[in-house]
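[1] Sequence and predicted structure below; questions after.
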Amino acid sequence: MFTQTPEPTRVPRRLARRVAGSGLVGALAYPHGVDRYLELVRPRWALHELRAEIVGVRRPALDSVTLTLAPNDLWRGFAAGQYVPVTVVVDGIRRTRFYSPAGSALARGATFELTVRRHADGVVSRHLHDHAGIGTVVGLAPAAGDFVLPARRPERLLLISGGSGITPVMSMLRTLCDEGHDAPVGFLHYARGAGHLAYRDELAELAARHPNVRVAHAFTRAESGEGSDLRGHFVPEHLSDLLPGDGTAEAYVCGPQPLVEGVRALWAARGLGERVHSESFVPPAYALPADERGGSIRFGRSGLAAPNSGATLLEQAEQAGLTPEFGCRLGICHTCTCRKRSGRVRDVRSGELSSAEEASIQLCVSVPAGDVELDL
Ligand code: FES
């Protein structure tokens, strides 16, 4: 997958799908399946695999690319705030990453938009940012995730984001505006500086058209340039002008862990911790208790061993020269699940200790607590 589309054929799409889906064609295509052959002619016309063709490319900020995707008929849409698994092939290896659509969930039309922020060490984000073009086909899976607004919309709402975390809350705001939501909504976004600010014009336009919407940008770098309403990282004062009387608001936060934790701590201090809903795009940093540090990791199948550095098992396996499969690196997709033959690990999200000697663990969110042996 992740190919350039050849010139469209002149065969009507519905007819082509009917022919391709017939039992006779299925039998002729055995054992590879019809989709493998359609891939050669018109990749988006897969019968059983969810795919999308890139039909638009924009660069809204220095390190970001916004892709407009036209999915095939298997696509069932998304709820504002959900993420979509996107699969591409980079250097011959299929890789899946998770991106949240930034558009309204109510938008009409057969396309949706993803904004990908380029990370220096992100294989997929670099690939999409640098090489994705019109006609490129990517693999998709159905939208998922429970970072979504409740069916009964809150009376007071704060949407807070940092960096690439803007996309799910942008989708929430656009969806609320499309459905005519008229209760107060504050939108606060943190970016490094003016050059890293995505959706600035769109947000200004939404605030101008909807008197219940207030938008503020905060720049976190001292040299970040003009144009911010606020400076520095999250502090409670940043909220005071945005949504006066925000103490009771329901907050949806997406971004780096310190931002999520800062908002959580503020709401918890008010006794309203359950009103914060969050999603983070990086697993939290985790420090093992002193008596669990050290030890070594044995990679049973490959016969390698390495001292325990305290990083996640996925990182330590990669540092040892292994290439375990992974997808999200966030504990969401379970692609990195591996058998632990012995030893104990802690989950970096909860701190929970898995002490069962033999267990299946997610390498990307597990830190070894002492000696561990993996079936890897
Ligand atoms: S890579 Fe997705 S859960 Fe580990």
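    Structure's in. What do you need?

[2] Contact distance from the ligand - what residues of the stretch 1-150 of the chain qualify?
    Within the stretch 1-150 of the chain, no position is adjacent to the ligand by Cβ under 6 Å from any ligand atom. C-beta coordinates here come from the backbone N, C-alpha and C atoms, glycine included.

[3] what ranges of the stretch 1-150 of the chain fall below the confidence cut-off?
    1-48, 121 (pLDDT under 70).

[4] which residues of it fall in helices?
    13-20, 23-29, 34-41, 123-131 (DSSP state H, counting those that start in this stretch).

[5] How far does the longest one sit from its chain's centre?
    Put simply, helix 123-131 sits 14 Å off its chain's centre (Cα atoms, centre = their mean, to the nearest Å).

[6] do stretch 265-276 as well
    25 Å.

[7] next one: stretch 57-77
    Per Cα atoms, centre = their mean, the centroid offset for stretch 57-77 relative to its chain is 13 Å.

[8] Please list all residues in contact with residue 331.
    Counting by Cβ atoms under 8 Å, 6 or more residues apart in numbering, residue 331 makes contact with 283, 347, 349, 362, 364, 365.

[9] Then residue 332?
    By Cβ under 8 Å, 6+ apart, the neighbours of residue 332 are 83, 98, 145.

[10] Which one (most neighbours) among those residues?
    residue 83 (24 neighbours; other Cβ atoms under 10 Å).

[11] so the closest residue to residue 270 other than its chain neighbours, which of the three states?
    Sequence neighbours aside, residue 247 is the residue nearest to residue 270 in space, at 5.9 Å (criterion: Cβ to Cβ, 6 or more residues apart in numbering). Assigned state for residue 247: helix (three-state reduction, DSSP: H, G, I helix; E, B strand; the rest coil).

[12] Verify the stated contact: residue 340 with residue 362.
    No: here residue 340 does not reach residue 362: they are 10.4 Å apart, not a contact under Cβ atoms under 8 Å.

[13] Residue 291 and residue 361, how far apart?
    21 Å (Cβ to Cβ, to the nearest Å).

[14] With neighbour numbers in mind, choose between those two.
    Per other Cβ under 10 Å, whichever of residue 291 and residue 361 has more neighbours is residue 361, with 20 against 8.

[15] Which strand residues bridge the more buried one?
    Taking DSSP bridges, one obtains residue 338 as the residues bridged to residue 361.

[16] Please look at it and residue 338 and confirm they touch.
    Yes: using Cβ under 8 Å, residue 361 is in contact with residue 338, at 6.3 Å.

[17] any residues in contact with both of those two?
    Joint contacts of residue 361 and residue 338 (Cβ under 8 Å, 6+ apart) are residue 313.

[18] Any idea how many residues pack against residue 293?
    15.

[19] The ligand contacts on the stretch 201-350 of the chain?
    Counting by Cβ under 6 Å from any ligand atom, the stretch 201-350 of the chain sits next to the ligand at 326, 327, 328, 329, 331, 332, 333, 334, 335, 336.
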